[in-house]
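Colleague: Structure of the sequence below:
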Amino acid sequence: MDQYIKPSSQKQINIGGELELDVSRDSWNVARAKLLDFIGDAIGDSVKYTNPTKKQIEFGKELGIDVSKNSFRVAVARIKDALTEKNSRAIEELQLVPGDQVILTRWFDFNGVSEKLKEKFIVSSIRKDGLVYFKGGNGRCAWADKLRKIGGNNLIGRKEAIMPSKQKKGISYEKSQAKKHRGKHLGGPGTPDYKRGKTKGEVKNWARPVHSGVIREAVKKGIKEIVSKSGFTKPAEDIARKKGVKLIKRGKIVNK
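Modeller: Numbering: from 1, shown residues only. From the prediction side, this is the model:
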């Protein structure tokens, strides 16, 4: 389960158990969709479509997920989760916070000619699912993955005084773990959080376990060890074991 996605609740799992429907490994949204598929008609909550629409299937492909074999409801839920994951990751990569200046690039057709429009905004607030609102924009907003931050993505070079407390704690934790594992702290998008000789390491100061998607991305970047304050999901441990990535929680290797 991606760390940005809310997992199924115990209540959903219990209800699913009564219906002989296993939703324990699903997200909250997908579990809700599956339960409604099962009992929707009985409680008067029916949907116009049973199968996913052509647009859902095409959009799912753009997001890297196949919803063709899902129900309409489950397709909606999976697309919603994928958007949340994609844009939440973008926020983490950009290290985006309220007050940052960003560029939004849009394409539009003008008299049959494709034109590019770039607009500059200041971030007002960021919704949990990755939707970014702008100051003075009368409700204007955009998904985080459509934005580019002005002045670079890295917050490490900013004065500590203007850093949000959460960011300060994150960088402080990175530094402490880099030192603990005898590495040089680097940090910032596009670079490992620390390096020890040829070994590159990442540090995750997250409230939830690191998911398998992080491991796949780490492998692409040549990361050989990941330190997580909240541990790792079982799928993440399995993939890391196969790919030779060392996973560390509270000083202990968890995927020997």
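
Colleague: Identify the single longest strand in the chain, thanks.
Modeller: Determined from DSSP state E, the single longest strand within the chain is strand 113-126.

Colleague: buried stuff in that one?
Modeller: Buried residues in strand 113-126, counted by 16 or more other Cβ atoms under 10 Å: 121, 123, 126. C-beta here means a position set from N, CA and C on the backbone, and glycine is covered the same way.

Colleague: Now the second one. Nearest residue, chain neighbours left out?
Modeller: Same thing as Val123. Counting by Cβ to Cβ, 6 or more residues apart in numbering, Val123 lies nearest to Asp100, which is 4.8 Å off, once chain neighbours are set aside.

Colleague: Wait, that neighbour touches Arg148, no?
Modeller: No. Look at Asp100 against Arg148 with Cβ atoms under 8 Å: they stay out of range, at 10.7 Å.

Colleague: So the two - more neighbours on which side?
Modeller: Taking other Cβ atoms under 10 Å, Asp100 and Arg148 do not tie; Asp100 has more neighbours (19 against 12).

Colleague: Let me see the contact set for the more buried one.
Modeller: Asp100 makes contacts with 94, 122-123, 149-150, as judged by Cβ atoms under 8 Å, 6 or more residues apart in numbering.

Colleague: how does it look with 10 Å?
Modeller: Residues counted as contacts of Asp100 (Cβ atoms under 10 Å, 6 or more residues apart in numbering) are 94, 121-123, 126, 132, 147, 149-151, 153, 155.

Colleague: cool, Ser24 as well?
Modeller: 7-8, 10, 12-13, 16-17, 31.

Colleague: Provide the backbone phi and psi angles at the residue nearest to Val123.
Modeller: For Asp100, the backbone dihedrals (degrees, to the nearest 10) come out as phi -70, psi 150.

Colleague: same deal with Gly139?
Modeller: The phi/psi pair for Gly139 (degrees, to the nearest 10) is phi 90, psi 0.

Colleague: Can you tell me the closest non-neighbouring residue to it?
Modeller: Tyr133 (7.4 Å).

Colleague: So in terms of bridging, what pairs with the one you found?
Modeller: Beta-bridge partners for Tyr133, by DSSP bridges, are Ser125, Cys141.

Colleague: burial count for it?
Modeller: Tyr133 - counted by other Cβ under 10 Å - has 16 other residues nearby.

Colleague: Over to Glu202?
Modeller: The number of residues near Glu202, taken as other Cβ under 10 Å, comes to 23.

Colleague: you'd agree it is in a strand?
Modeller: Yes. Under DSSP: H, G, I helix; E, B strand; the rest coil, Glu202 sits within a strand.

Colleague: contacting residues around it?
Modeller: Glu202 neighbours (Cβ under 10 Å, 6+ apart): 174, 177, 187, 192-194, 210, 214-215, 217-218, 221, 223-228, 245.

Colleague: got a list of what the residue nearest to Ile253 when sequence neighbours are not counted touches?
Modeller: Distances taken as Cβ to Cβ, 6+ apart place Lys246 nearest to Ile253, at 5.9 Å, with adjacent residues excluded. The contact partners of Lys246, by Cβ under 10 Å, 6+ apart, come to 181, 199, 201, 223-227, 240, 253-256.
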